[in-house]
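Asker: Let me see the structure of the following:
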Amino acid sequence: MVFKISATYCACYSMSFSLFAVHFVYRYFTACKPENLRLFRGLKFFSWLLGALFAAVSWGMATFLLFPETDRTKRSLIHVLKESYDLDPLWIGNVPYSYRRTDENGIEHPDIPNILGILQHGVIMALSFSTVFYCGMQTHKKIKSHKGVSDRTRELQNQLFNALVLQTIIPTILMYIPTTTIIVLPFLGINVGSYSNITTVTVQMYPAFDPLVLLFLIKDIREAFFKTVCLGRDTKRKACTPTMLSFKLKHVMI
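Answerer: All right, here's what the predicted structure looks like:
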């Protein structure tokens, strides 16, 4: 039962990568191919959610079927729990990433099920990251290609560009790099132990950091936010309403 919960958690973990890629596809369509936004309207929107759900379910199933616990991985888990947490292993679920297994003669062999599962995880992460990278680069080119615009529009374009760069760097540092590290280190024979929990923390931090980028880098959003927080004080200061801001962003993107 505990292992089933761990596999379910891994499926939800994968969902974050899939939805992040969908987020960047939507941005790409908004900036570069607005006619394709119809693919996000009506019932078509649910096809994107189903695609992300499929990736999550496949990750979870691979975790459940291809990462069985062995005597070797059980000994490693007990060692980590004893040294770091002093917990009962019967109450702890884990997903043992291992590239090798040891037979009864003490000879190591490739652990084929584990390797297949890790490759499946790697493919999902690679597809997600390549989608984010491609869409981010194309959106950046589109934003920078606007010429002959007013200083106000150019300022907003620069703000959007800086926000896009940060919103690409932050998940790379908080999501892709920690997860890739956890996958690669067992191949090198390195047992990270309790440090693997870093990925749990960093992935949960991303949704909190992402909106802060827009809040602090986009001047109109920042002014509207602080005006709302201050309950309308300093009314002489100009702040965009949501409708005005939506019009400006649409004008710049298209």
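
Asker: Now A7: which helix or strand?
Answerer: According to DSSP states H and E, A7 maps onto helix 2-32.

Asker: number of nearby residues for F54?
Answerer: Neighbours of F54 under the rule other C-beta atoms under 10 Å: 11. The way it works is simple: take the backbone N, C-alpha and C, and place the C-beta from them, glycine included.

Asker: now K44
Answerer: Other residues near K44 number 10, with proximity taken as other C-beta under 10 Å.

Asker: For it, which non-adjacent residue is spatially closest?
Answerer: Distances taken as C-beta to C-beta, 6 or more residues apart in numbering put R38 closest to K44, at 7.2 Å, once the chain neighbours are dropped.

Asker: Checking the one you found next. Helix, strand or coil?
Answerer: Assigned by DSSP: H, G, I helix; E, B strand; the rest coil, the conformation of R38 is helix.

Asker: okay, I92: pLDDT?
Answerer: pLDDT, I92: 65.

Asker: Kindly report the same for L53.
Answerer: pLDDT at L53 comes out at 91.

Asker: Distance check, A55 against Q120.
Answerer: 10 Å (C-beta to C-beta, to the nearest Å).

Asker: For those two, work out which one has more neighbours and name it.
Answerer: Counted by other C-beta under 10 Å, A55 and Q120 do not tie: A55 has more neighbours, with 21 against 17.

Asker: The more buried one against V123, yeah?
Answerer: No - if you go by C-beta atoms under 8 Å, A55 and V123 don't touch, sitting 9.6 Å apart.

Asker: Please identify the buried residues of the helix holding A7?
Answerer: 3, 6-7, 10-11, 13-32 (16 or more other C-beta atoms under 10 Å).

Asker: do the same with stretch 122-129
Answerer: For stretch 122-129, the buried set under the neighbour-count rule, 16+ other C-beta under 10 Å, comprises I124, M125, S128, F129.

Asker: Could you do stretch 209-223 as well?
Answerer: D210, V213, L214, L217, I218, D220, I221, E223.

Asker: Let me have those residues in a markdown table, extended by distance to P110.
Answerer: Conversion of the buried residues of stretch 209-223 to a markdown table gives the following (distance: C-beta to C-beta, whole Å):
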| residue | distance to P110 |
| --- | --- |
| D210 | 39 |
| V213 | 43 |
| L214 | 46 |
| L217 | 48 |
| I218 | 50 |
| D220 | 56 |
| I221 | 52 |
| E223 | 59 |
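
Asker: The residue nearest to K44 contacts F45, correct?
Answerer: No - at 10.3 Å, R38 does not count as touching F45 under the criterion of C-beta under 8 Å.

Asker: Who has more neighbours out of these two?
Answerer: Counted by other C-beta under 10 Å, R38 and F45 do not tie: F45 has more neighbours, with 13 against 10.

Asker: Where does pLDDT dip in the stretch 51-200 of the chain?
Answerer: 69-96, 102-103, 106, 146-151, 153-154, 193-194 (pLDDT under 70).

Asker: Let me see the ranges of the helices in it.
Answerer: Here the stretch 51-200 of the chain has its helices, by DSSP state H, counting those that start in this stretch, at 71-80, 112-144, 151-171, 177-184, 197-217.

Asker: how about the ones you listed, which one is nearest W59?
Answerer: helix 112-144 (6.0 Å; C-beta to C-beta).

Asker: what inclination does that closest one have with respect to helix 177-184?
Answerer: Orientation check (axes from the mean of the first three to the mean of the last three C-alpha atoms, to 10 degrees): helix 112-144 against helix 177-184 gives 160 degrees.

Asker: Which neighbouring elements make contact with helix 112-144?
Answerer: If contacts are counted by 3 or more C-beta pairs under 8 Å, 6 or more residues apart in numbering; DSSP states H and E, helix 112-144 sits against helix 2-32, helix 44-66, helix 151-171, helix 177-184, helix 242-253.
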